[in-house]
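Give me coordinates for this.
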Amino acid sequence: MFCECGRIRPLALSALLFSFPLPSLYFSPLRYRPHGIGNWSGHIPFACDLIASLRPSVFVELGTHLGESYFAFCQAIAEGRTQCKAYAVDIWQGDLHTGAYGDEVFDEVAAYNRYRYSEFSQLLRMFFDEAIGRFEPESIDLLHIDGLHTYEAVRRDFDTWWPRVRPGGIVLLHDTFERNADFGVWKLLSELSENFPTREFDHSNGLGVVLKRGGRPVEGLLSALFAEERNCFDGAKRYYEICANHLEHRFWSERRKQPANWDITTQLFWRSEGEDFSELKSVRSSRMITAERSQLRLAVPPASSPPIELRLDLADCPAFFEVNAITVRGASEEVVWSLAISDDKARDLRSCGLKVVATGEGTGLLVLDAPASASFLLPTPESTVRSLQAGGELILETTGLTPQGFVAKLSSALEGQLIRQHTSLSQAFNHAESLAIERLQQLGQYDSALTEAQRIVSTQHEEFKLELNSIADKLKQSEDLVSALRSRESSLAGELDQVRATLVERELELMDLNHRLGEIESSFAWRAVRSLTRLRARTKP
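Reported below is the predicted structural model:
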């Protein structure tokens, strides 16, 4: 069967696969990559063949979301005329990995189910633990587990529902090849492989197949999957990878005929004080945007603490589209914030992390480089965001564009910006030119004033020099006069000393005269007294 290089020979592969019916050869899924989400799309051919081979009486899916896998099984049941009851169990509110979403998802799935498969299919909108009571032990032929993908959650789902699977039944585990973040399905499958027959498909995020021993003999496709020779499963694995690639190629070939249609997922996050953005506080919606302007509503539930910041992720994959309007409404549907389309707003949004260009017609903002640069913080005042504590919603209006249309609009917008910039630059140049002429005239006036000032300074300088020379002469004369005065002062000082000496001599002479006069006066007085005494003596009787 195998060549030396280990690859399956084409004839051996054909003998292996065509030994039992393979409806996947002509199966055309009616619901493929809904809203652009195709995590399970590659396993649709296997689901079709598994229904044909197992022909289950009861099929149960845990975790349905948009219903791509569930309705693939339902389509295979209907087209194969299998007598089977199908049940989808989900709360249709989202979880840590899918993000939260509104009732519109369940409404869409329920409407699709009513229209196509209501005769044998039933949607059970409840938690997994609530639904298990509806099923008897060993009553389920095919169980598909695709709920929360943490190890603890998927381990609990498997252990809880395993007794409900009949011997010879099959359990499918999706996302076994996904090992990012806290995904743990791969770990569970590894543990189960030690005790049960298991197989794993690697494409489309991985799909684990677990066989419950006992019951009816393994036939058809299951005999190839669980054959002792691993080569049989390797051939089937390669076949379903080719089928998955074929469906993908056909899908995108059809989509290229509608180049303005884009499947995107938009997600709104909010956070309170001291928190980071997380999936638990977010709501997302997957949809197709077309050339017709469409509206998306993302509900913000009431919260115990007021949000302080909003983050909007416009798209999760490459797409060409324009944002026509963003409106935030409060719990009473009052508009608390809206985005006006303009070049100024485009600049504001670019500062918040969103790469956009305002269209020339002013009808929208062209989103560049989605999804890498399609996430941004809404430039809303904190007080506005806090008002959403009671609940509210964000309304986003968008229009899908073809690549050619996007380029044309972008070229027009950039051309308009260039024209506006050119006009602005021309006006600025003309203004600058007028200012330059005015400044030149002022400079001419300043030059004349400077020349006159220089002349006045030169004249005053000459006059100052003459005056300075005159002052110098007068200073010289003053110095000579001072010198003469100092000589005269010296002479007068000598004369003064002589006068002082003469005065001293005169004072001494005067003192001598005064002494002599005193002596004379004393002698005269004595003589006078004696004469008077004598006179008196003579005159007495």
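
just the strands in the stretch 1-150 of the chain please.
Using DSSP state E, counting those that start in this stretch, the strands of the stretch 1-150 of the chain run over residues 58-62, 85-90, 94-95, 99-100, 121-125, 140-145.

Quick check: mean pLDDT of the first one?
Averaged across strand 58-62, the pLDDT comes to 96.

what does the third one give?
If you average the pLDDT over strand 94-95, you get 76.

Confirm that Ile395 sits in a strand.
Yes: checked against DSSP: H, G, I helix; E, B strand; the rest coil, Ile395 lies within a strand.

give the contact list for the closest residue to it other than its chain neighbours.
Distances taken as CB to CB, 6 or more residues apart in numbering place Thr327 nearest to Ile395, at 4.4 Å, with adjacent residues excluded. Where C-beta positions appear, they are placed from N, C-alpha and C, glycine not excepted. Residues in contact with Thr327 (CB atoms under 8 Å, 6 or more residues apart in numbering) are 335, 337-339, 394-395.

Turn the buried ones among those residues into a named ChimeraX selection, would you?
For the buried members of those, the matching ChimeraX selection, counting by 16 or more other CB atoms under 10 Å, is:
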select :337,339,394
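
Point out the other elements, helices or strands, that the helix or strand where Ser190 lies touches.
Here Ser190 is covered by helix 185-192, with elements defined by DSSP states H and E. Counting contacts by 3 or more CB pairs under 8 Å, 6 or more residues apart in numbering; DSSP states H and E, helix 185-192 packs against helix 151-161, strand 165-174, strand 198-201, strand 207-211.

How far off centre is the longest helix seen in the chain?
Criterion DSSP state H: the longest helix present in the chain is helix 403-539. In this view, helix 403-539 has its centroid 74 Å away from the chain centroid, taken as CA atoms, centre = their mean, to the nearest Å.

And what about Leu312, helix, strand or coil?
strand.

which residues pair with it across the strands?
With DSSP bridges as the criterion, Leu312 is bridged to Leu268, Phe376.

about what we covered before: got the phi and psi for the residue nearest to Ile395?
phi -130, psi 140 (degrees, to the nearest 10).

all numbers from here: first residue = 39
I'll keep to 39 as the first residue from here, and by that count the last item is Thr365.

That one and Trp375: what is the separation?
Distance of Thr365 to Trp375, given as CB to CB, to the nearest Å: 7 Å.

Same question for Ser413.
Ser413 is 18 Å from Trp375, by CB to CB.

and which of the contacts of Thr365 is nearest to Ala446?
Leu377 (23.5 Å; CB to CB).

Might one say that that closest one is in contact with Leu350?
No: Leu377 is beyond contact range of Leu350, at 10.4 Å (criterion: CB atoms under 8 Å).

Touching both of the two, which residues are there?
Ile364.

Tell me which residue lies nearest the centroid of this protein.
The residue lying closest to the centre of the chain (CA atoms, centre = their mean) is Phe414, at 4.7 Å.

Please report how far that one lies from Leu88.
Counting by CB to CB - Phe414 and Leu88 are separated by 44 Å.

Over to Phe271?
14 Å.

Of those two, which one has the most company?
Counted by other CB atoms under 10 Å, Phe271 and Leu88 do not tie: Leu88 has more neighbours, with 25 against 18.

pLDDT value on that one, please?
94.

And this structure, what are its domain boundaries?
92-256, 300-439, 481-579 (automatic domain parsing).

Can you tell me which of the ones you listed has the worst average pLDDT?
domain 481-579 (a mean of 82).

got a list of what Arg172 touches?
125, 162.

Just give me the neighbour total for Phe234.
14.

Spit out the contact partners of it.
248-251.

Leu452 now?
By CB under 8 Å, 6+ apart, the neighbours of Leu452 are Val395.

Tell me how far it lies from Val495.
59 Å.

Tell me the buried residues in stretch 464-482?
For stretch 464-482, it's none, nothing buried (16+ other CB under 10 Å).

Dump that stretch to PDB, keeping only the CA atoms.
Extracted C-alpha coordinates of stretch 464-482, given in PDB (Å, rounded to 0.1, in the frame of the first residue of the first chain):
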ATOM      1  CA  SER A 464      -0.500  78.000  -1.300                       C
ATOM      2  CA  GLN A 465      -2.500  80.200   1.100                       C
ATOM      3  CA  ALA A 466       0.200  79.900   3.600                       C
ATOM      4  CA  PHE A 467       2.900  80.700   1.000                       C
ATOM      5  CA  ASN A 468       0.900  83.700  -0.200                       C
ATOM      6  CA  HIS A 469       0.500  84.900   3.400                       C
ATOM      7  CA  ALA A 470       4.200  84.300   4.000                       C
ATOM      8  CA  GLU A 471       5.100  86.200   0.800                       C
ATOM      9  CA  SER A 472       2.900  89.200   1.900                       C
ATOM     10  CA  LEU A 473       4.600  89.100   5.300                       C
ATOM     11  CA  ALA A 474       8.000  88.900   3.700                       C
ATOM     12  CA  ILE A 475       7.200  92.000   1.500                       C
ATOM     13  CA  GLU A 476       5.900  93.800   4.600                       C
ATOM     14  CA  ARG A 477       9.000  92.800   6.500                       C
ATOM     15  CA  LEU A 478      11.300  93.900   3.700                       C
ATOM     16  CA  GLN A 479       9.600  97.300   3.700                       C
ATOM     17  CA  GLN A 480      10.000  97.500   7.400                       C
ATOM     18  CA  LEU A 481      13.700  96.400   7.000                       C
ATOM     19  CA  GLY A 482      14.100  99.300   4.500                       C
END
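
Nothing else from me, thank you.
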